[in-house]
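A.B. asks: Here's my sequence, what's the structure:
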Amino acid sequence: MPVSVLFVTPRWGDGGGERTWLNILARLDRARFRPSLAYFEKVDSHFLREIPPDVPQHDLGKERRLSRDLPRAVRALRAVLREERPDVVVSLLHTWGFLIDAARPGLGLHTSIIANEHIHVDSSLAYLSGQRPLASRAAPILHRLAYARAVRVVGVSERQLEDLRSRFHVPAEKTAAIPVGVDREHLLTLAAELLDDPWYEERPLLVAVGRLIAQKAFDDLIRAFALVAGRTDARLAVLGEGELRGELEALVREHDLGDRVRLPGLQPNPYRILGRARAFVLSSRWEAMPQVIIEALALGVPVVATDCPTGPAELLDGGRYGLLVPPAAPEKLAAALLRVLEDDEEHARLAALAAARGREFDVEEMVARYADEIERAARRG
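C.D. replies: Prediction:
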């Protein structure tokens with residue numbers, strides 16, 4: 001019989017973790033696996049509509065902050081476990097992993113849990129401590145419990161897992177790093193689609209992609225671009241949506257960049273914009289293994305990224321395949337962007353290196369490794 005595997009996430013949005021899971025859900029061999037998906041909260045984006053039609057979806061209906069919604073959340077998850085009876089649960093964003101243990105007693109299940117990490121946990125917890133001090137006290141305990149109860153902890157980079165092993169004492173033999181994989185040929189096809197807006201093609205274009213949240217540091221990027229705009233006629237597009245839209249729009253107005261910067265929101269096909277970029281820029285304060293860098297590389301787009309914990313340096317091999325600058329340093333970010341904008345030879349060199357590096361991240365290899373981890377966990381159930 002196929003292995004029943006339930007993917008559980010607190011939020012189904014439009015991030016790299018969801019894109020990875022979409023690739024897995026679409027490509028798991030149905031003769032070997034019966035996948036299903038549960039989420040406590042969802043964003044109405046194209047990622048929601050791309051879930052394969054044969055994958056059962058369970059909307060667990062988050063109503064308020066988790067600490068106030070625990071009893072109902074546990075009951076909702078318990079109903080899904082009773083219906084799907086999974087051999088394996090893959091839990092994205094580990095903090096919620098403890099809910100699985102809270103929901104399954106009495107159901108007669110022998111379910112193994114895989115904790116799947118797509119963030120840099122130390123940085124995320126440090127940010128949480130400044131925003132919600134009370135929650136930040138409980139979060140490390142929940143992390144530790146989730147990792148302890150999981151049979152495997154699967155991350156996206158070795159550096160990310162090194163930090164987990166150090167802080168939470170996760171045994172090395174319990175962990176596995178599976179780099180993000182992309183379907184390069186499909187990305188190239190999407191990138192070739194026509195654009196009906198000449199704004200993106202009239203001048204050299206810089207592109208950033210991500211949720212409009214503090215982690216992505218798009219405020220630093222706009223400040224850097226204000227310096228770039230004084231020396232070039234380049235434009236900047238930041239593709240994504242999020243809670244900081246108003247603040248970022250105000251910053252664009254403050255620097256009088258209204259005709260040079262666009263925040264067009266979520267795009268059903270961001271690759272037709274990304275593929276036309278002079279450079280892709282990542283300004284994040286922290287990441288784990290940013291999938292959008294891999295996508296830019298696969299499209300042969302030069303990459304300028306902050307050397308934040310943990311993924312960019314690993315993806316760019318310490319600066320061999322793209323330009324790395326310190327986080328929170330708009331002046332240095334601006335200098336790197338000017339280097340790509342003004343030096344045609346440097347641009348051509350970085351574009352060739354990007355394309356070569358992008359071929360190393362194959363979606364089929366990624367899915368095969370996840371499939372092996374799921375079957376391995378099922379045997380331990």
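A.B. asks: Strands of this protein, residue ranges please.
C.D. replies: Ranges of strands in the chain, per DSSP state E, are 3-12, 33-42, 57-59, 88-92, 112-116, 152-155, 175-177, 205-209, 235-239, 261-262, 279-282, 303-306, 323-325.
A.B. asks: tell me the domain ranges of this protein?
C.D. replies: Using automatic domain parsing, the domains assigned to the chain come out as 3-181+362-380, 184-358.
A.B. asks: rewinding a little: could I get the strands of the chain in TSV, plus columns for mean pLDDT, distance to W199 and mean neighbour count?
C.D. replies: Where C-beta positions appear, they are placed from N, C-alpha and C, glycine not excepted. Output for these, formatted as TSV (pLDDT from 0 to 100; distance: least, Cβ to Cβ, whole Å; neighbours: other Cβ atoms under 10 Å):
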stretch	mean pLDDT	distance to W199	mean neighbour count
strand 3-12	93	31	22
strand 33-42	94	31	21
strand 57-59	95	36	16
strand 88-92	92	35	26
strand 112-116	94	38	25
strand 152-155	95	39	24
strand 175-177	96	40	18
strand 205-209	98	9	24
strand 235-239	98	7	23
strand 261-262	98	7	20
strand 279-282	98	17	27
strand 303-306	98	21	28
strand 323-325	98	25	23
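A.B. asks: G258 and V252 touch, don't they?
C.D. replies: Yes. Using Cβ atoms under 8 Å as the test, G258 is close enough to V252 to be in contact (6.2 Å).
A.B. asks: re earlier: show me the one of the strands of the chain that comes nearest V292.
C.D. replies: The closest of the strands of the chain to V292 is strand 205-209. By Cβ to Cβ, the value is 4.7 Å.
A.B. asks: circling back: which one of the domains of the chain has the lowest average pLDDT?
C.D. replies: When these are ranked by mean pLDDT, domain 3-181+362-380 comes last with a mean of 88.
A.B. asks: measure stretch 233-241 end to end?
C.D. replies: End-to-end distance for stretch 233-241, by Cα to Cα, to the nearest Å: 25 Å.
A.B. asks: Give me the contact list for that stretch.
C.D. replies: Stretch 233-241 is contacted from outside by 14, 199-200, 202-212, 216, 218, 221-222, 225, 228, 248, 257, 260-267, 270, 273-274, 278, 337, 341, using Cβ atoms under 8 Å, 6 or more residues apart in numbering.
A.B. asks: ok, G258 and V252, which is more surrounded?
C.D. replies: In this view G258 and V252 are compared by other Cβ atoms under 10 Å, and V252 has more residues nearby, 21 against 10.
A.B. asks: For that one, give me its contacts.
C.D. replies: Counting by Cβ under 8 Å, 6+ apart, V252 touches 222, 258, 261, 263.
A.B. asks: same deal with D220?
C.D. replies: 283, 327-330, 333.
A.B. asks: Let's see that with 7 Å instead.
C.D. replies: 283, 328, 330, 333 (Cβ atoms under 7 Å, 6 or more residues apart in numbering).
A.B. asks: Now that the third one has come up, it's in contact with I222, right?
C.D. replies: No. P330 is beyond contact range of I222, at 8.5 Å (criterion: Cβ atoms under 7 Å).
A.B. asks: Compare those two and say which is more crowded by neighbours.
C.D. replies: The neighbour comparison of P330 against I222 (other Cβ under 10 Å) goes to I222, with 25 against 20.
A.B. asks: In space, what's closest to that one - neighbours in sequence excluded?
C.D. replies: Among residues not flanking I222 along the chain, L251 sits closest, at 4.9 Å (Cβ to Cβ, 6 or more residues apart in numbering).
A.B. asks: same thing with A298?
C.D. replies: Leaving aside its chain neighbours, A298 sits nearest to G358 (3.5 Å; criterion: Cβ to Cβ, 6+ apart).
A.B. asks: Just give the number of residues close to the one you found.
C.D. replies: Other residues lying near G358 total 24 when counted by other Cβ under 10 Å.
A.B. asks: and what of E193?
C.D. replies: When neighbours are counted by other Cβ under 10 Å, E193 registers 12.
A.B. asks: Excluding chain neighbours, what is closest to it?
C.D. replies: R272 is the one closest to E193 (Cβ to Cβ, 6+ apart), at 4.5 Å.
A.B. asks: how close does the one you found sit to V238?
C.D. replies: Look at R272 and V238: by Cβ to Cβ, to the nearest Å, they are 16 Å apart.
A.B. asks: Go ahead and confirm Q291 touches D183.
C.D. replies: No. Checked against Cβ under 7 Å, the pair Q291 and D183 is beyond contact range at 11.8 Å.
A.B. asks: neighbour count winner among those two?
C.D. replies: Shown here are Q291 and D183; by other Cβ under 10 Å, Q291 has more neighbours (26 against 17).
A.B. asks: can you list the contacts of V252 in TSV and add distance to W21?
C.D. replies: Below are those laid out as TSV (distance: Cβ to Cβ, whole Å):
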residue	distance to W21
I222	31
G258	37
V261	31
L263	26
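A.B. asks: and which of those is nearest to P71?
C.D. replies: For the contacts of V252, the nearest to P71 is L263 (38.9 Å; Cβ to Cβ).
A.B. asks: tell me the contacts of the closest one?
C.D. replies: Counting by Cβ under 7 Å, 6+ apart, the residues that L263 touches are 238, 245, 248-249.
A.B. asks: Drop anything exposed from those residues.
C.D. replies: Listed as buried from the contacts of L263 are 238, 248; burial here means 16 or more other Cβ atoms under 10 Å.
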